[in-house]
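[1] Coordinates only, no sequence provided:
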């Protein structure tokens, strides 16, 4: 399968600081990428759709000013968690949709964020 | 009714047996169907996708799609303990956003 990288894999930050997570599609140019979060033993929750060259589309209930998404190139999308709080602690996972196939999504390895 | 439904399990099978995982979906307009495997603490990994009615085989895995009945299944032959994971069924959304609608997953346990 295609390779999607995500960095960092794990981050611990203090409450009130901002954290940036990078997601890179290594095997194909992804015009569409997605950001999910997952709490322990819970389902994936889609946060937003990241579109190259345009604004992200956020799911209902997700604060766009808190979770800033930038998709500046066909291989890179970033998620910035601004003014992080302990309740933002979660597993954040990105995916890239393959335009050369059925737009199947390939997931990055995820970023575990802990806010103290 | 949830858009994509899966039995949460756990589904427990002995090593070497066939594991059968099922998924139903509500949107008749869905066209592409995906199975992902997720190990605890890891991100999902794409196993198979299918878009035509019938069976699609890849190694020990077979995906089955029945659009009339709105279900898709995944069979794992010769199950191994390493297959123990949560299996997520995903269906493409009707709109053009390429979003996938995920089920909540079925936990599979393969007993040695």
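    Perfect, I can see it now. Because the structure is a prediction, the values reported are computed rather than measured.
[2] Does anything pack onto the helix-or-strand element of chain B with minimal mean pLDDT? Which helices or strands?
    When the helices and strands of chain B are scored by mean pLDDT, DSSP states H and E, strand B:100-102 comes last with a mean of 92. Based on contacts counted as 3 or more C-beta pairs under 8 Å, 6 or more residues apart in numbering or on different chains; DSSP states H and E, the elements that strand B:100-102 packs against are strand B:85-92. All C-beta spots, glycine's among them, are computed from the backbone N, C-alpha and C.
[3] what residues does the least confident helix or strand of chain B touch?
    A:43-44, A:46, A:105, B:3-4, B:25, B:27, B:34, B:36, B:88-93 (C-beta atoms under 8 Å, 6 or more residues apart in numbering or on different chains).
[4] Adjacent strands (with direction) for it?
    Each strand that pairs with strand B:100-102, with its direction, by DSSP bridges: strand B:85-92 (antiparallel).
[5] The residue nearest the centre of chain A bridge partners, please.
    The centre of chain A sits closest to residue A:35, judged by C-alpha atoms, centre = their mean, with a distance of 3.5 Å. Residues in a beta bridge with residue A:35, per DSSP bridges, are residue A:48, residue A:94.
[6] Isn't it up against residue A:70?
    No - with the criterion set as C-beta atoms under 8 Å, residue A:35 and residue A:70 do not qualify as a contacting pair; they are 11.2 Å apart.
[7] Common neighbours of those two, please.
    Overlap between the neighbourhoods of residue A:35 and residue A:70 consists of A:50, A:77, taking contacts as C-beta under 8 Å, 6+ apart.
[8] coming back round to it: could you flag which of the contacts of strand B:100-102 are buried?
    A:43-44, A:46, A:105, B:4, B:25, B:34, B:36, B:88-93 (16 or more other C-beta atoms under 10 Å in any protein chain shown).
[9] related to what we said a few turns ago, so what's the residue nearest to the centre of chain A up against?
    Remark: with contacts taken as C-beta under 8 Å, 6+ apart, residue A:35 is in contact with A:23, A:46, A:47, A:48, A:50, A:67, A:69, A:77, A:79, A:92, A:93, A:94.
[10] With residue A:85 instead?
    With contact set as C-beta under 8 Å, 6+ apart, residue A:85 has these partners: A:15, A:16, A:115.
[11] what about it, distance to chain B?
    In this structure, residue A:85 lies at 23 Å from chain B, with C-beta to the nearest C-beta, to the nearest Å as the measure.
[12] Quick check: phi and psi at that residue.
    Comment: the main-chain dihedrals of residue A:85 come out as phi -130, psi 160, following degrees, to the nearest 10.
[13] Tell me the residues of chain B that contact chain A?
    Applying C-beta under 8 Å from any C-beta of the partner chain, we find that chain B lies next to chain A at B:32, B:34, B:36, B:42-46, B:49, B:51, B:88, B:90, B:92, B:97-100, B:102-105.
[14] before we move on, the earlier item: now, of the contacts of residue A:35, which are buried?
    In the contacts of residue A:35, the ones that pass as buried (16+ other C-beta under 10 Å) are A:23, A:46, A:47, A:48, A:50, A:67, A:69, A:77, A:79, A:92, A:93, A:94.
[15] Pick out the lowest-pLDDT one from those residues.
    Confidence by pLDDT is poorest for residue A:50 among the buried ones among the contacts of residue A:35, given 91.
[16] hang on, the earlier thing: I'd like the next helix or strand past the least confident helix or strand of chain B.
    Next helix or strand after strand B:100-102 toward the C-terminus (DSSP states H and E): strand B:106-111.
[17] buried stuff in that next one?
    Of the residues in strand B:106-111, those buried under the neighbour-count criterion (16+ other C-beta under 10 Å) are B:106, B:107, B:108, B:110.
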